[in-house]
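Trainee: Quick one, fold the following:
(chains A and B)
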Number of protein chains: 2
Amino acid sequence: MIERKDFKKRFTKTKNLMNQRDIGSIFLTPSADMYYLTGVWTSPLERLFLCIVPIDEDPLFVVPKLYEEQVKKTSWIENVRAWSDDSKITTQLGNIVRELQIQKQKIAITDSLLVKHFKIFQQSISNVEFIYTSEFLNHIRMCKSENEIKFIQNASKFAEKALDSIISECKEGKKEFELAALAEFEMRKRGSEGPSFETIVASGSNSSFPHHLTGRRTIQNGDCIIFDLGAKFDYYCSDITRTVCIGKVSSKIKKIYDLVSRAYQEAISNVRPGISAGSIDKAARKIIDEAGYGEYFIHRTGHGIGIDIHEAPYIHETNSTKLEAGMTFSIEPGIYIPNRFGVRLENVVVVTDSGCKPFTKFPTEMIFKS
Amino acid sequence: MIERKDFKKRFTKTKNLMNQRDIGSIFLTPSADMYYLTGVWTSPLERLFLCIVPIDEDPLFVVPKLYEEQVKKTSWIENVRAWSDDSKITTQLGNIVRELQIQKQKIAITDSLLVKHFKIFQQSISNVEFIYTSEFLNHIRMCKSENEIKFIQNASKFAEKALDSIISECKEGKKEFELAALAEFEMRKRGSEGPSFETIVASGSNSSFPHHLTGRRTIQNGDCIIFDLGAKFDYYCSDITRTVCIGKVSSKIKKIYDLVSRAYQEAISNVRPGISAGSIDKAARKIIDEAGYGEYFIHRTGHGIGIDIHEAPYIHETNSTKLEAGMTFSIEPGIYIPNRFGVRLENVVVVTDSGCKPFTKFPTEMIFKS
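Mentor: Residues are numbered from 1 along each chain as shown, chains lettered A, B, ... in the order given. The predicted structure is shown next:
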């Protein structure tokens, strides 16, 4: 669990940046940002669920009535106001905003704010300028504390156990969704809050879709299968991908896996503080380009990970963000041959003082099953 | 699976309404609306994933490169354009918009559109007015076809089996998350795409939070436990809630369950075509108000259900929407005594020509376990 003193530290850093950038308030809606600063987690809702963080005042929750007691109990923030399903939220928010004297200032909104909730803000508050929390909170959230690294480590252990189980169970005749079901059960029964994204079991030609939706296909001899899964623990995410082959495997698949594996190693060996995120992507891409498969590596090399499954720093070619110790992100090159097969290899790493360390020791070789 | 002819029907209805309301295009982003019209499902993404539906032209997908082949294969829509992680989406979208001559018109956006994607639209397209798809698509989506009712029926069967399993396993010493893990496994292994929302196992005083986050609490003798869960099947949702008591139960809990049960029955007996959604809420609320517990019934009586777990028609006091045969929604009164316990009873019903029919025959009585 995140402790109260951690929240205080996060708040101090945040308020410093607010001061530097002349930001008057943050309007947090359900998101990783909200959890990071308040400890309150909820999936995005159609009802407005808000935490106002003014620079000079204590933060204040404005939540649907049915969440009032829950927020009071789970957050370190004491000031909680409730609105009921039938009351006029625009009027209520207008009153609160007047009370807090929020006007003529810069307000930061979360990047995942829904347009319909943004309209409520626009109707309730006048004479303000809106910016995104990502413009300054990313900077704080990107470098993880020791505690945060422990959460990701725990989440990674759950993912590893799940991966291990489904590789054992993976054979001809099994359906994609049956393996996903088992993976999620293995994570959940150990105390994970659930998968950190929709578990991917992509078999046969489905493996040529990087984000295949796990379906009802039955696994066959000769299949190449991509397993991509992650668990949440204390709302921090893990993420791991391995490629498994069933029965007789073509030499082409083996050759391409070898290429992906070299790209992965090349990316990993380049990671260290001071180097740009973009250069990691370039290092992996160069290996694949030179072998003539560049057009089939159709996504970036990786993404930051923390409370969000995809967050800064994104490991793509044009990202000039300099890596720092404590940053956590995935390295996941892949090659996808349309209508035939795909292979991918992924670990999440944490940047250390001199290089990086993967969160898992799960073997990185291609896995063969009879 | 939804068939091509179903999509064509949905499109015809949609285009009629677009005509009536002078809407030039719909900009669909990942949502129930997108799935309803295109058959493409994806969770909300940080990358812009778009389907443009112009009134006089064929629809067109604009998706991240890594989804290109997948969308081509899974949707009936043939025109798919891709943008890569490193390209300028604003410029690309601007070109497409010029090509389609989208200007000086009304564009409908999905209610769940993120502000950051909305800004891309605003930068790429000038001289247009934005409205929400909910203003006209809700009208079509609210009344379900026979096929859609079958999907909800299947999803309800999965939820029922899961509920049955965890009630069997529920006893002193079990942790909340262990029961949620089992419930989700029972749904998933039968072919559900996953839970339709975060499974709620709220035990002891946690049951006083209507949307408790299932956690690590251990179940104790005397606990009142709310199980609220649902499965997705072909991306249609189910939803069911039952309250279970462990060991010796106070007479107060029994009395309050009886009250909630009467409110549920009263709501159900009022449902029929022509009556307003609001009057159903009022009927349930009256029973609870008159018994002196009105202040503890802190949410609306129900919500529509379909591809979204919460959609129109919302069963709240001020909703004047007239019910029609084929509408599907939950009836779920609850009473929550702060710091002590809560009880809730929920079924999803479909409106018939003369009344309504619940999707499940699961007993509605309180459940006692030793």
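Trainee: For the one helix or strand A:Ser269 maps to, which helices and strands make contact with it?
Mentor: Under the criterion of DSSP states H and E, A:Ser269 resides in helix A:251-270. Packing partners of helix A:251-270 (3 or more C-beta pairs under 8 Å, 6 or more residues apart in numbering or on different chains; DSSP states H and E): helix A:277-290, strand A:328-331, strand A:334-337, strand A:341-344, strand A:347-351. In this view, the C-beta of every residue, glycine as well, is placed from N, C-alpha and C.
Trainee: Can you list the low-confidence ranges for chain A?
Mentor: A:85-86 (pLDDT under 70).
Trainee: Could you look up the SS state of the residue nearest the centre of it?
Mentor: Geometric centre of chain A, nearest residue: A:Ile309, 1.1 Å, by C-alpha atoms, centre = their mean. What DSSP: H, G, I helix; E, B strand; the rest coil gives for A:Ile309 is coil.
Trainee: what's the answer for the one 5 residues further on, then?
Mentor: In terms of secondary structure, A:Tyr314 is strand; the call rests on three-state DSSP.
Trainee: what number of residues lie near it?
Mentor: 21 (other C-beta atoms under 10 Å in any protein chain shown).
Trainee: ok, it touching A:Ala277?
Mentor: Yes: counting by C-beta atoms under 8 Å, A:Ala277 is a contact partner of A:Tyr314 at 6.7 Å.
Trainee: Buried residues, the helix holding A:Ser269. List them.
Mentor: A:253, A:256-257, A:259-261, A:263-268, A:270 (16 or more other C-beta atoms under 10 Å in any protein chain shown).
Trainee: repeat for stretch A:357-369
Mentor: A:Pro358, A:Phe359, A:Thr360, A:Phe362, A:Thr364, A:Met366, A:Ile367, A:Lys369.
Trainee: how about the residue nearest to the fourth one when sequence neighbours are not counted, what does it touch?
Mentor: Counting by C-beta to C-beta, 6 or more residues apart in numbering or on different chains, the nearest residue to A:Phe362 once its immediate chain neighbours are dropped is A:Glu160, at 5.4 Å. In this structure, A:Glu160 makes contact with A:Ile240, A:Thr360, A:Phe362, judged by C-beta atoms under 8 Å, 6 or more residues apart in numbering or on different chains.
Trainee: Name the SS class of A:Glu160, please.
Mentor: Reducing the assignment at A:Glu160 to three states with three-state DSSP gives helix.
Trainee: Distance check, the spatially closest residue to A:Ile367 that is not a sequence neighbour against chain B.
Mentor: Closest residue to A:Ile367 apart from its sequence neighbours, by C-beta to C-beta, 6+ apart: A:Val244 at 4.4 Å. Going from A:Val244 to chain B by C-beta to the nearest C-beta, to the nearest Å gives 20 Å.
Trainee: quick one, strands of the stretch 1-150 of chain A?
Mentor: Using DSSP state E, counting those that start in this stretch, the strands of the stretch 1-150 of chain A run over A:23-28, A:50-54, A:60-64, A:80-83, A:106-109, A:129-132.
Trainee: Please work out which residues outside the third one touch it.
Mentor: What that stands for is strand A:60-64. Applying C-beta under 8 Å, 6+ apart, the external contacts of strand A:60-64 come out as A:38, A:40, A:45, A:47-52, A:54, A:71, A:75, A:77, A:79-85, A:92-93, A:96, A:100, B:299.
Trainee: Among the residues you listed, the buried ones, what's the PyMOL command?
Mentor: Buried subset of the contacts of strand A:60-64, written as a PyMOL selection, criterion 16+ other C-beta under 10 Å:
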select buried, (chain A and resi 38+40+45+47+48+49+50+51+52+54+71+75+77+80+81+82+83+84+85+92+93+96) or (chain B and resi 299)
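Trainee: rewinding a little: now do the contacts for the residue nearest to the centre of chain A.
Mentor: Counting by C-beta under 8 Å, 6+ apart, A:Ile309 makes contact with A:Ser196, A:Phe197, A:Gly230, A:Cys237, A:Asp239, A:His303.
Trainee: For the third one, give its distance to chain B.
Mentor: In other words, A:Gly230. Distance of A:Gly230 to chain B, given as C-beta to the nearest C-beta: 13 Å.
Trainee: okay, now that residue: neighbour count?
Mentor: 29.
Trainee: Pull the contacting residues for the nearest residue to A:Tyr264 once chain neighbours are set aside.
Mentor: Excluding its sequence neighbours, the residue lying closest to A:Tyr264 (C-beta to C-beta, 6+ apart) is A:Leu345, at 4.9 Å. A:Leu345 sits next to A:Thr241, A:Arg242, A:Thr243, A:Tyr257, A:Val260, A:Ser261, A:Tyr264, A:Glu332, A:Pro333, A:Gly334, A:Thr364 when contact means C-beta under 8 Å, 6+ apart.
Trainee: Repeat that for A:Thr42.
Mentor: A:Thr42 touches A:Pro30, A:Phe49, A:Tyr67, B:His211, B:Leu213, counting by C-beta under 8 Å, 6+ apart.
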